[in-house]
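Peer 1: Provided below for reference: sequence and predicted model.
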Amino acid sequence: MQFMVIETFRDQDAKAIYTRLQEKGRSLPDGLAFEGSWITADLGRCFQIMSSDDVGLLQRWVTEWSDLVEFEIVPVSPGKDTMKAVLGEP
């Protein structure tokens with residue numbers, strides 16, 4: 001399953017986030033995959049795609065970063081898969 005993770009940086013402190021990332025890495029538990037990320041021009045938010053079959057792994061990862069980031073997590077699927085499901089195609 002894929003998730004759109006919308007991170008809002010507390011106090012717009014991108015430097016604290018990148019410092020931790022350099023020092024400790026993403027802190028991903030085994031079974032949670034990072035697919036890609038995009039940062040807003042004002043350095044206030046990050047949009048990531050993560051994937052895992054176990055939502056508990058995503059929750060574990062969130063706890064590692066919740067002191068620096070507020071999270072919104074939305075389960076998503078590729079548009080082509082959604083189109084097939086809506087149209088009843090195999």
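Peer 2: Now that the structure is in, tell me what you want to look at. The model shown is predicted, which means the values in this text are computed figures rather than measured ones.
Peer 1: what about the most centrally placed residue in the chain, distance to Leu57?
Peer 2: Central residue of the chain (C-alpha atoms, centre = their mean): Val5, 3.3 Å from the mean position. Distance of Val5 to Leu57, computed by C-beta to C-beta, to the nearest Å: 13 Å. C-beta here means a position set from N, CA and C on the backbone, and glycine is covered the same way.
Peer 1: over to Phe47?
Peer 2: Distance from Phe47 to Leu57, by C-beta to C-beta: 19 Å.
Peer 1: again, but for Asp30
Peer 2: 8 Å.
Peer 1: in terms of neighbours, single out the busier of these two.
Peer 2: Leu57 (17 against 7; other C-beta atoms under 10 Å).
Peer 1: give me the nearest residue to that one, chain neighbours excluded.
Peer 2: Excluding the flanking residues, the one nearest Leu57 by C-beta to C-beta, 6 or more residues apart in numbering is Leu32, at 4.2 Å.
Peer 1: and that neighbour, how many neighbours?
Peer 2: 21.
Peer 1: so it touches Ser52, yeah?
Peer 2: Yes: counting by C-beta atoms under 8 Å, Leu32 does reach Ser52; the two are 4.5 Å apart.
Peer 1: check which helix or strand covers Tyr18.
Peer 2: helix 14-24 (DSSP states H and E).
Peer 1: off-centre distance for that helix?
Peer 2: Here helix 14-24 is found 16 Å from its chain centre; the criterion is C-alpha atoms, centre = their mean, to the nearest Å.
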